Structure formats: structure tokens, C-alpha cells
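Peer 1: this is a predicted model, with the sequence first.
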Amino acid sequence: MWLDIGGAATVAVSAEAEPALARSISRAFAPYLPRFEPASTVSVSIQPSSDAPTFQDIENAAGDGLVTAYDGERAYLLRGRHSCVVPDPLREAPAVFAYTPGFPIHELVRSYVRPALALAALRREAVVVHASAVSINGRAVLIGGWSESGKTEIALALAEAGAAFLSDKWTIVRADGSVCPFPASVGVRRWVLPYLPTLQAGLPRAAKAQLVGAAAVSFASRPFQRSFRNALLREAGSRAAQLTAVADRAALSVDQVRAAYGTVGDVTRPVPLGLVVLLSTVEPGTPLAAAPADPGVVARRLAQAAAFERRAYFSVTERVRYGGASNERIDGPTVTSIEESVLRARLADAHLLQVRTPFPADPRRIVERIFRELEGR
């Protein structure tokens, strides 16, 4: 089984792999569909291994929950008695994740296979940017920025105003300048729903129940969170706040979001790039400000944000270098430099807008500014 991710990279699962892995890959990379004919090229491959490697160095957990190892040639993640090779997708084609059965599949797919595919896309001169995306009148609008800056909320508010939702968190900018979604679930926070009545009405039943439950827990725990005298009450309030924060964000698929807005068509079809909006978060109460952005600034900040989000992957390189791994192995600064260079050229003639706004805030104000920008072109 294999999947073509936006024409930028392919991921293949060997026939010998456990069924749970194929299911996990299919879910993680929807809406791209599995294929079963032979693939002409493979960027990332995942396959079971019966090898018992001999490690020359093991790097135990150092406050980050990771245990890694190096056998003189390859880097490994260790989970108890189980291991998985962590390849270098810029220098290996295909980049093979060879795992021993029993290695935690969900962690492998989420934290390592996904970033490996994004890095492998560079071999085809595509960049996977940390940005949400919508399509307006056949042109893609990217909303990029640091984590927790409002990318999702603005993309959803644009969909509320008639745009076609494409992707959340990650988007592929292809070599030809067109845009495709890089698969990721859409995190919908409860606080933004009053600004998104269409989405609120179209939420799946499970998501509605989750968010209603989060609201109830939040309301019931307020007296505990406000207690300053009783340590037990403060602890209970803190735990309730943590649970509420997790439950306060419902994970929807892109297809579910598009269905709520009645959007039809193939979401994986490339869309020409029309506008890039770079978000900068400012202090609460600061007025919204928008101005044309410099391509170099946008390229650098998009590359830096993406590298930080992939830090779990890059930390493996940092750890195994201690064990003697080559300095040529892929690392965060190297990838940041490559992506910045590619994006700088790709965005040189693009329409770029920097928006400074508090977060959280009413996303509709930013949507109005984006539409004015598009109409003024």
C-alpha cells in the first residue's frame, strides 16, 4: 500500500507490516487515498524488521522522554525492547523506517513519519509550510505563523465567509508554486464557535458532545480554580483546567469541515497560490495592523516555525551525534536554511501580507482585512 501526498512525496507500507500500521497511515494521511498498484517512486517506506541491532551507544531519557541509540550507521528510537530506525529523508531514497513489531505505531506515524515525508518533499523542490490554507475564487490563501497564533480560526472564519477549506496546520507549496493540503486534523476550539455559526450547526455529534462536556467541566471547576487557601482544591482546579484545555478542542477531518460548509470537489487538487498572510501575535488590546510583507521575512519565519514543530524528529539527530553519528546527518538548522532559500525564491513575486493581532481574538476582523486585500489587487 502507498499514498501520493500532493505530488510532493510518497509513503509506502510493506505487505509484511501489521494491519494496524496500514490503518494508521490511511487515517493519518486522509484525504489522500491508498493505492495498491506498484509505486514508481517511494519517498518514505515503513517495514517490519527482525534484526537485533548491536548499539555502540544508547542515549537514555534526558528530561525529554526519548531513548535513542546509534549502531555506527543508523539512528534508532527505543521503546523498551522495541526499536525503530529513524532515517535521513534528505539523503536516503527511500527513507526506510524499519521497526520491530510492538513498537508504538501511533507515535511513529505522528512524530516521525509525518515530518520525514515533509522533509522528503524537499527532494522534489516542494516545501511543507506551517500554515493553514483555503481557496478563494480558485486561488489559495495561506495563513502562516507561530503555533497558537490563530491560523486555524482565521481559515475557518474564511470558510464561514465563503472560502473552500483546504488544510489546517500544514500545507504543501509545490515546485510549480501551487498549493496542496498536507494532511492534518482540524482543531476546533470551543471559544471560536460563536463566530462560526455554520460550522457550529454542522459539527458531528461526537464533537458537539465533547465540547459541551468541556463547557460543563469548565463551569463546575471554577470555584476550585479560584481557591487560593486550600492546596487540595487548587490541585483539583489545576487538573480540571488541564482536562478542560484538552477537551476544549475537537479534532475534525478536513472532509468533515468541508461537509459542514457544503463544499464539494477534490480537496487534493493543486490550487495556484494567491496570497500569504503571516500572523504575528501582539499584546491583548493592541489594534489589528496589516501591511505588505517582505518575502525574505516571510520565508525565514515560515521555515523557522516549521523547524520548531519538527523538533522531535531533529532531536534524534542531536542525540545520536553524541554517539558518533556523522555531522552530515539532517538537522534543524540545515533544513531551515534549505526551506528558507526555496521559499524566498517561491515568494519573490507573491502577494504577501503581515498581520499583527492579539490571540485569541475575533477572527472575522482579520477575514475582512484579507478580503479587502484580495479585492484591491
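Peer 2: Done, it's in.

Peer 1: show me the strands in the stretch 51-200 of the chain, by range?
Peer 2: For the stretch 51-200 of the chain, applying DSSP state E, counting those that start in this stretch gives strands covering 57-59, 68-70, 75-79, 82-86, 95-99, 127-129, 131-136, 139-144, 164-167, 171-173, 178-181, 186-189.

Peer 1: just the C-alphas of stretch 127-145, formatted as CSV.
Peer 2: The C-alpha trace of stretch 127-145 is given here as CSV (Å, rounded to 0.1, in the frame of the first residue of the first chain):
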residue,chain,number,x,y,z
VAL,A,127,8.1,22.9,0.9
VAL,A,128,5.6,21.8,3.6
VAL,A,129,4.9,25.1,5.5
HIS,A,130,3.4,25.5,8.9
ALA,A,131,0.3,27.2,7.6
SER,A,132,-3.5,26.7,7.2
ALA,A,133,-5.0,27.2,3.7
VAL,A,134,-8.3,28.0,2.0
SER,A,135,-9.2,28.6,-1.6
ILE,A,136,-10.9,31.8,-2.7
ASN,A,137,-12.0,32.2,-6.3
GLY,A,138,-9.6,29.5,-7.4
ARG,A,139,-6.6,30.9,-5.6
ALA,A,140,-5.0,29.6,-2.4
VAL,A,141,-4.7,31.8,0.7
LEU,A,142,-2.1,30.6,3.2
ILE,A,143,-2.3,31.7,6.8
GLY,A,144,1.1,31.1,8.5
GLY,A,145,2.6,31.9,11.8
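
Peer 1: let me know the pLDDT of Gly138.
Peer 2: Listed pLDDT for Gly138 reads 95.

Peer 1: kindly report the same for the one 4 residues further on.
Peer 2: The predicted local confidence for Leu142 comes out at a pLDDT of 98.

Peer 1: and the residue nearest to Ala121 when sequence neighbours are not counted, how many neighbours?
Peer 2: Using Cβ to Cβ, 6 or more residues apart in numbering and skipping residues adjacent in sequence, the residue nearest Ala121 is Ala8, 3.9 Å away. Any C-beta I mention is one placed from the backbone N, CA and C, and that applies to glycine too. Using other Cβ atoms under 10 Å, Ala8 has 24 other residues around it.

Peer 1: give me the distance between Ala8 and Glu59.
Peer 2: 32 Å (Cβ to Cβ, to the nearest Å).

Peer 1: now do Leu158
Peer 2: 44 Å.

Peer 1: who's more crowded, the two?
Peer 2: Leu158 (26 against 22).

Peer 1: show me what contacts the more buried one?
Peer 2: Residues in contact with Leu158, defined by Cβ atoms under 8 Å, 6 or more residues apart in numbering, are 134, 136, 141, 165, 367, 370.
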